[in-house]
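Colleague: sequence-free structure coming up:
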């Protein structure tokens, strides 16, 4: 696997996470699938592992410093993420790789269309 590609993917995801609060699902997973030819299930697991500790720590600190963070809401969402990621992983590991990729692509299209057309 190309180490430079992985570093650039992580850097790009980090910048986008700081800008928009996104990263793993929107940048890292498609990057690993499309650029590193990784199975979609492997990409999802790899993304979660990469995000476990450094998930926006410095970016979150900057938002917190500027008073732009609802800590209580973040903790509640984090609890949901903690439990939800487990169940999402349980579902995904049982899927066919092609089906997992197509479901993910459909999700991105739907979310993109929703954002684009929202008022």
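Modeller: That came in fine, so what should we check first? None of these values were measured; they are calculated from a predicted model.

Colleague: low-confidence ranges in the protein?
Modeller: 24, 52-55 (pLDDT under 70).

Colleague: From residue 66, how far off is the most far-flung residue of the chain relative to its centre?
Modeller: Centroid-distance maximum for the chain: residue 119 at 24.8 Å, with Cα atoms, centre = their mean. Using Cβ to Cβ, to the nearest Å, residue 119 is found at 28 Å from residue 66. From N, CA and C alone the C-beta is placed, and that goes for glycine too.

Colleague: Which strands and helices lie in contact with the biggest helix by length in the chain?
Modeller: Ranked by residue count under DSSP state H, the longest helix found in the chain is helix 71-93. Applying 3 or more Cβ pairs under 8 Å, 6 or more residues apart in numbering; DSSP states H and E, one finds that helix 71-93 contacts helix 40-51.

Colleague: how much distance is there from the helix or strand following the helix it packs on to the middle of the chain?
Modeller: Scanning forward in sequence from helix 40-51 by DSSP states H and E, the next helix or strand is helix 57-65. Helix 57-65 has its C-alpha centroid displaced from the chain centroid by 18 Å (Cα atoms, centre = their mean, to the nearest Å).

Colleague: Thought residue 57 was touching residue 18, still the case?
Modeller: No: with contact defined as Cβ atoms under 8 Å, residue 18 does not reach residue 57; the gap is 10.8 Å.

Colleague: of these two, who's got more company?
Modeller: The neighbour comparison of residue 18 against residue 57 (other Cβ atoms under 10 Å) goes to residue 18, with 16 against 8.

Colleague: And that one, which helix or strand is it part of?
Modeller: helix 3-20.

Colleague: other SSEs contacting that helix?
Modeller: helix 29-34, helix 57-65.

Colleague: ok, back up a step: list the contacts of whichever helix or strand comes after the longest helix of the chain.
Modeller: Remark: after helix 71-93, the chain's next helix or strand is helix 97-117, criterion DSSP H and E. Helix 97-117 has contacts (Cβ atoms under 8 Å, 6 or more residues apart in numbering) with 26, 29, 30, 33, 39, 40, 41, 44, 92, 95.
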